[in-house]
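Chemist: show me how the following folds:
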Amino acid sequence: MPIVFNESAGTISGISVGGLPDGIVDTDMLANNAVTAAKATGSAKGITMQDSWVITSSYETNSTADITANWARHSAASSTFFGNIGSAMTESSGVFTFPSTGIYLVLAQVVIRAEGGGRTYMGAEQRISSDSGTNYSDATVAYNSGYQNSAYTSTQTVAVYNVTNVSTFRWKIRSVFADTSKVFGDATNKLTGVTFTRLGDT
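Modeler: Below you'll find the predicted structure:
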């Protein structure tokens, strides 16, 4: 199709997709808000997913164990202030799956009180699996100390994951105690919980 200039109408027709030379259109020529996140790629999209979860009630334990119960999305558990962006994580018995592939920043914390009365360590471990949960690796670990009964502490863990397959990647967190301890949860305030943020494409 020939290129047609219509001077009276101020239009040009007949240019095929990709017909303009590379670089002829720059960012200054784009109208405000002309490029949406759906059209952008990589880091240009910005943050498109952030999802926050909490443990809604406290419990006591004296063993190293995965945190499997009483999980809830923070926006669903709390009526004010807290919000999430984009697609949610999926949780079942403390095992989380990701809504899409990408690079994820995961921030998790556990608030703890020593109940055993003796010297003890209290910690948390982020665990990741790429084979549908058959095997898990400790991705990041944090420990703190409780040297007397009723000593409060908290542990924070930070990790970045390259999630390449949503069908096979799994995430969970495990509390690690040397003596009887209490894990604190709350449906409104974020005591023990985790935040997942998708930073960009894999």
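
Chemist: so which residues make contact with the strand or helix carrying Val54?
Modeler: Element membership for Val54 (DSSP states H and E) is strand 49-55. Here strand 49-55 makes contact (CB atoms under 8 Å, 6 or more residues apart in numbering) with 67, 70-75, 77, 82, 84-89, 91, 96, 99-100, 102, 183-187, 190-198. Where you see a C-beta, it was placed from the backbone N, CA and C, and this is true even at glycine.

Chemist: run the last query once more with 7 Å
Modeler: Around strand 49-55, the neighbours that count as contacts under CB atoms under 7 Å, 6 or more residues apart in numbering are 67, 70-74, 77, 82, 84-89, 91, 99, 183, 185-187, 190, 192-198.

Chemist: pLDDT of it, averaged?
Modeler: Averaged across strand 49-55, the pLDDT comes to 95.

Chemist: may I have it exported as PDB, CA atoms only?
Modeler: C-alpha atoms of strand 49-55 as PDB (Å, rounded to 0.1, in the frame of the first residue of the first chain):
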ATOM      1  CA  MET A  49       2.200  -6.900  42.700                       C
ATOM      2  CA  GLN A  50       2.500  -6.600  46.500                       C
ATOM      3  CA  ASP A  51       0.800  -9.000  48.900                       C
ATOM      4  CA  SER A  52       0.900  -9.000  52.700                       C
ATOM      5  CA  TRP A  53      -0.100 -11.900  55.000                       C
ATOM      6  CA  VAL A  54      -0.300 -12.300  58.800                       C
ATOM      7  CA  ILE A  55      -0.800 -14.900  61.500                       C
END
